[in-house]
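Participant: Pasting a predicted model and its sequence here:
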Amino acid sequence: MNVGLIAHNAKKKLMQNFCIAYRGILSKNELYATGTTGRLIEEVTNLNVHKYLAGHLGGAQQLCSQIEHNQIDMVIFLRDPHTPSYNEPDIGNVLRLCDTYNIPVATNLATAELLIKALERGDLDWRQYV
């Protein structure tokens, strides 16, 4: 499965900790992340992450393109609802496209854990046939 990973600045440490905790599951999948998030994940987990540009430099748009081409199966986007993002339109596009193309998306730790456990159980295998 192809898993997209994005985190606002205030949530990058949380994303690192999430990836450490679920390294075993994530290691069995292809990971894609915006530049800084991907680098930080690699530093603490030694997982291989395909890195886009930084989110504000077009990384979110690159992820959107993969979603539109049915090349992403799940997105974990740890967003900070309290801090407005200067690339908010791109972030909104990620969520809109996930809704449009029926891509499971988590925007907080609780749903991220549900999705990662579903990935482990094979609950998302239906994506291989889409």
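Facilitator: Alright, I've got the coordinates. A quick note: this is a predicted structure, and the numbers were derived from the prediction, not measured.

Participant: How many residues are close by the nearest residue to A54 once chain neighbours are set aside?
Facilitator: Closest residue to A54 in three dimensions, ignoring its sequence neighbours and counting by CB to CB, 6 or more residues apart in numbering: G35, at 4.0 Å. Where you see a C-beta, it was placed from the backbone N, CA and C, and this is true even at glycine. Neighbour count of G35, defined by other CB atoms under 10 Å: 18.

Participant: Distance check, G35 against K13.
Facilitator: 17 Å (CB to CB, to the nearest Å).

Participant: thinking again about what came up before, my guess is the residue nearest to A54 meets A60, correct?
Facilitator: No: between G35 and A60 no contact is recorded; they are 10.5 Å apart, counting by CB atoms under 8 Å.

Participant: Can you work out which residues contact both of these two?
Facilitator: Shared contacts of G35 and A60 (CB atoms under 8 Å, 6 or more residues apart in numbering): Y52.

Participant: how about the strands in this protein?
Facilitator: With DSSP state E, the ranges of strands along the chain come out as 2-7, 30-33, 49-51, 74-78, 105-106.

Participant: Export these to TSV and append columns for mean neighbour count.
Facilitator: TSV is the format used below for the strands of the chain (neighbours: other CB atoms under 10 Å):
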stretch	mean neighbour count
strand 2-7	24
strand 30-33	22
strand 49-51	18
strand 74-78	24
strand 105-106	20
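
Participant: Include mean pLDDT and distance to I116 when you put these into CSV, please.
Facilitator: As requested, the strands of the chain are arranged in CSV below (pLDDT from 0 to 100; distance: least, CB to CB, whole Å):
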stretch, mean pLDDT, distance to I116
strand 2-7, 96, 9
strand 30-33, 97, 12
strand 49-51, 97, 15
strand 74-78, 96, 8
strand 105-106, 97, 8
